[in-house]
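Asker: sequence and predicted model, in that order:
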Amino acid sequence: MEHWTPRRTGDRTPSTGSPAQGERDPIQDTPVQTSARVIAVVNQKGGVGKTTTAVNLAASIAAAERPVLLVDLDPQANASSAYGIASPEAQLYNVLSGESTLPQVTVATELGHLQLVPAGPDLAGAEIELVSVEARETRLREALAEVLPYYDFVIIDCPPSLSLLTLNALCAADSVLIPLQCEYYALEGLARLQDTVDRVRESLHPDLQMEGIVLTMMDRRANLSRQVEDEVRSHFGEQVFATVIPRNVRLSEAPSHGKPILLYDIASKGARAYLDLAGELMHKHPGAPRKPPALPPSHQAN
Ligand SMILES: Nc1ncnc2c1ncn2[C@@H]1O[C@H](COP(=O)(O)OP(=O)(O)O)[C@@H](O)[C@H]1O
Ligand SMILES: [Mg+2]
């Protein structure tokens, strides 16, 4: 398995100097990013599209040549296997237990700008072992701190629970992205999730933001899907991403080929939707200006 050597975000900025913290993007008048934006993909319900969203959003951002780290925080390791990585030697568990550093378990993927921190079944054990450990909610945050300058985005795929692992994601994140399946009980459980986020804000992380709600598995022909969309939009307004992810069989096939949808079927509706979602997100969080990659010596002008 190929391991990855990090490069600092600063290496990619022009020699006129990397933007100082607090500098603003001249076109969009938004703060320029100097460190990764960490986004936790959370919903305690299973099967709502968390992993599909984390995997394909990360790939779509990487396709725009913005460096991304995907962190698999689910003991089921679906995000890892979606990139063809099964039973890794070292994984997130080794980091949370203090045996390894994050770069030591980070692996490369087929996409040059995307790296992955894989999970494995051991991670379920971390849940129990961490209970007696001091600062148990901030283990992931501490582990991520040293690599944040190397990425524009860190996407965390959470397990289907509001467990200690998910708490670690909420403490490590700048914001929460909630996939909602377009079905009758879509909003059920959202109040509990909101409660958990509020408690984390009160006790551990007052700056935790809402990145947005993304509607998944939409069937435009079904009245119910459209009703759910109307209800969610009237309730949450601007917090809902304009992009809606359609139900698309290609999205469910891609993981068994160990590929994100972009590399499996770029012409599919699912691929288009995740590219659009990434576009919305990147528009909200423009990166530092990039210097073009250095040409190999033989191509350089004398
Ligand atoms: N937009 C979609 N269209 C079709 N199938 C989907 C879509 N999103 C997810 N799926 C499938 O639904 C199942 C649950 O999705 P998943 O992303 O694993 O949810 P979660 O991580 O929330 O448990 C998976 O089999 C996945 O392939
Ligand atoms: Mg999942």
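Answerer: That came in fine, so what should we check first? Ligands and ions are numbered 1, 2, ... in the order given.
Asker: nearest spatial neighbour of the closest residue to ligand 1 within the stretch 151-300 of the chain, chain-adjacent residues omitted?
Answerer: In the stretch 151-300 of the chain, the residue found nearest to ligand 1 is Ser252; the distance is 3.4 Å by Cβ to the nearest ligand atom. Heads up, the C-betas are built off the backbone N, CA and C, glycines and all. Counting by Cβ to Cβ, 6 or more residues apart in numbering, Thr52 is the residue found nearest to Ser252 once chain neighbours are left out, at 7.8 Å.
Asker: following element in sequence after whichever strand or helix holds that neighbour, please.
Answerer: Take DSSP states H and E as the rule and Thr52 turns out to sit in helix 50-63. Once helix 50-63 ends, the next helix or strand along the chain (criterion: DSSP H and E) is strand 68-72.
Asker: who are the contact partners of His257?
Answerer: Neighbour list for His257: Tyr264 [criterion: Cβ atoms under 8 Å, 6 or more residues apart in numbering].
Asker: from Ala108, how far off is it?
Answerer: For His257, the distance to Ala108 equals 18 Å [Cβ to Cβ, to the nearest Å].
Asker: any weak-confidence spans in the stretch 51-200 of the chain?
Answerer: Counting by pLDDT under 70, the stretch 51-200 of the chain shows no low-confidence range.
Asker: just the helices in it please.
Answerer: For the stretch 51-200 of the chain, the helices defined by DSSP state H, counting those that start in this stretch cover 78-81, 92-96, 102-105, 123-129, 139-145, 164-172, 190-203.
Asker: now those in CSV, with distance to Gln239?
Answerer: Formatted as CSV, the helices of the stretch 51-200 of the chain follow (distance: least, Cβ to Cβ, whole Å):
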stretch, distance to Gln239
helix 78-81, 24
helix 92-96, 29
helix 102-105, 30
helix 123-129, 30
helix 139-145, 24
helix 164-172, 17
helix 190-203, 11
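Asker: now the helix holding Thr52 and strand 68-72, what's the angle there?
Answerer: Interaxial angle, helix 50-63 versus strand 68-72 (axes from the mean of the first three to the mean of the last three Cα atoms, to 10 degrees): 160 degrees.
Asker: would you put the C-alpha positions of helix 50-63 in CSV?
Answerer: Output of helix 50-63 as CSV, limited to C-alpha atoms (Å, rounded to 0.1, in the frame of the first residue of the first chain):
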residue,chain,number,x,y,z
LYS,A,50,-23.6,9.4,4.5
THR,A,51,-20.8,7.2,3.1
THR,A,52,-21.9,7.7,-0.5
THR,A,53,-21.8,11.4,0.1
ALA,A,54,-18.5,11.4,1.9
VAL,A,55,-16.8,9.2,-0.7
ASN,A,56,-18.1,11.0,-3.8
LEU,A,57,-18.0,14.6,-2.4
ALA,A,58,-14.3,14.0,-1.5
ALA,A,59,-13.6,12.6,-4.9
SER,A,60,-15.3,15.5,-6.7
ILE,A,61,-13.4,18.1,-4.6
ALA,A,62,-10.1,16.2,-5.4
ALA,A,63,-11.1,16.3,-9.1
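Asker: and for the residue of the stretch 151-300 of the chain closest to ligand 1, the neighbour number?
Answerer: 13 (other Cβ atoms under 10 Å).
Asker: could you do Leu263 as well?
Answerer: By the criterion of other Cβ under 10 Å, Leu263 has 17 neighbours.
Asker: tell me how far it lies from ligand 2.
Answerer: 20 Å (Cβ to the ion, to the nearest Å).
Asker: correct me, but that residue touches Glu110?
Answerer: Yes - counting by Cβ atoms under 8 Å, Glu110 is a contact partner of Leu263 at 6.1 Å.
Asker: how about the helix or strand hosting Ser225: buried residues?
Answerer: Assigned by DSSP H and E, Ser225 belongs to helix 223-236. Using 16 or more other Cβ atoms under 10 Å as the test for burial, helix 223-236 gives Ser225, Val228, Glu229, Val232, Arg233, Phe236.
Asker: skipping adjacent residues, who's closest to Pro160 in space?
Answerer: Closest residue in space to Pro160, ignoring its immediate chain neighbours: Gly46 at 3.6 Å, by Cβ to Cβ, 6+ apart.
Asker: okay, that neighbour and Ser256: tell me how far apart.
Answerer: To Ser256, Gly46 is 18 Å away according to Cβ to Cβ.
Asker: returning to what we had before: the helix holding Ser225 vs helix 190-203, what angle?
Answerer: Using the same axes, to 10 degrees: helix 223-236 against helix 190-203 is 30 degrees.
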